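Chemist: please work out how this folds:
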Amino acid sequence: MRFSVFQVSRRGGRETNEDRMGYCFTREAGLFALADGMGGHPEGEVAAQIALQTLAALFQQDARPVLDDPQRFLQETIVIAHRQLLRYAASKGLADTPRTTVVACILQGNQAWWAHCGDSRLYLVRDGKLIARTRDHSYSELQEALGRVGPGNEPFNRNVLFTCLGSPGKPMVDCQGPLTLESSDRLLLCSDGLWGSVEDHEIVQHMADQAISEAAPELVEEALRRGGARSDNVTVLAVEWEGEGDPAGETTQNLGNSGFASTIQGALDVDLVAAMDDEEIERAVREINEVIRQSGRGVNRR
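Modeler: Below is the predicted model:
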């Protein structure tokens, strides 16, 4: 594969940055992922890290060097990451489970698949136009789609989600793809710290008019300026597809015998995944069809 990638994360006005992002790839497939740990629940940064580590560890295990079924991989691994958070909370004796959103994308061959849970987003820009965007698992996005507003014509609180990883209810995982990529297609994965302050059309314009190495940091700085002293954390991971062959930004010649590289801290530590026995993993897989049709019963506040 041939792609360029740029990632940046800024803390904003929060005490801690609970966002995490990263990517990993083999010679023929790549995983790009971003998670936003949720405030109001314990250890949001841990939740985000566990989610990414789980996805990366399973990608390393299954992509040899390609995934047999990228969409199924995304569905299953995101649910497994959710179950890992439940296990972590139980092992630590936490009264509440750490929670996080997640958005992930697989590039393989000349196609893209993506999945998300919560309100971290993926944008796909082609020839200056927005080709695809994930739809948030939030009450505000749902009511907006239905043409409704809150009491007194006020919009619903965008921070109220109806699903996420780590919640008591089963997570909803929305998957899309495959979509055939064209040269110069650009993808942006981001936390709500970006799109909460910068409009979609502005995101598209930046991604269309500038190199991703310029667009990504400028979008982040603009979101921080608009957010002011109380700005949320802002995290983006931008990718430009350049075709098949060796990556431009990361040469596969440097992969060594493992044929795998990663920017996700702890990605090579598969203990998180190994802690689940075969029966637990199989049970999680059996639940997928039900999971993607249901949302959690509880209200999750960011």
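Chemist: could you look up the SS state of the nearest residue to residue 111 once chain neighbours are set aside?
Modeler: In this structure, residue 111 finds its nearest non-sequential neighbour in residue 178, 4.0 Å apart by C-beta to C-beta, 6 or more residues apart in numbering. Where you see a C-beta, it was placed from the backbone N, CA and C, and this is true even at glycine. Using DSSP: H, G, I helix; E, B strand; the rest coil, the structure places residue 178 in strand.
Chemist: thought residue 178 was touching residue 113?
Modeler: Yes. Applying C-beta atoms under 8 Å, one finds residue 178 in contact with residue 113, separated by 5.6 Å.
Chemist: which one's more surrounded, the two?
Modeler: For residue 178 versus residue 113, the count of surrounding residues by other C-beta atoms under 10 Å is larger for residue 113: 22 against 15.
Chemist: the host helix or strand of the more buried one - contacts with which helices or strands?
Modeler: In this assignment (DSSP states H and E), residue 113 forms part of strand 111-117. Counting contacts by 3 or more C-beta pairs under 8 Å, 6 or more residues apart in numbering; DSSP states H and E, strand 111-117 is packed against helix 70-92, strand 100-108, strand 121-126, strand 174-180.
Chemist: how far off centre is the last one?
Modeler: Right, the one you point to is strand 174-180. Strand 174-180 sits 14 Å away from the centroid of its parent chain (C-alpha atoms, centre = their mean, to the nearest Å).
Chemist: before we move on, what about the first one?
Modeler: Its chain's C-alpha centre lies 14 Å from the corresponding centre of helix 70-92 when counted by C-alpha atoms, centre = their mean.
Chemist: buried stuff in that helix?
Modeler: By neighbour count on 16 or more other C-beta atoms under 10 Å, the buried set for helix 70-92 is 70-71, 73-85, 87-89.
Chemist: tell me what that helix is packed against?
Modeler: Helix 70-92 packs on helix 44-62, strand 100-108, strand 111-117, strand 174-180, helix 271-274, helix 278-286, helix 288-291, going by 3+ C-beta pairs under 8 Å, 6+ apart.
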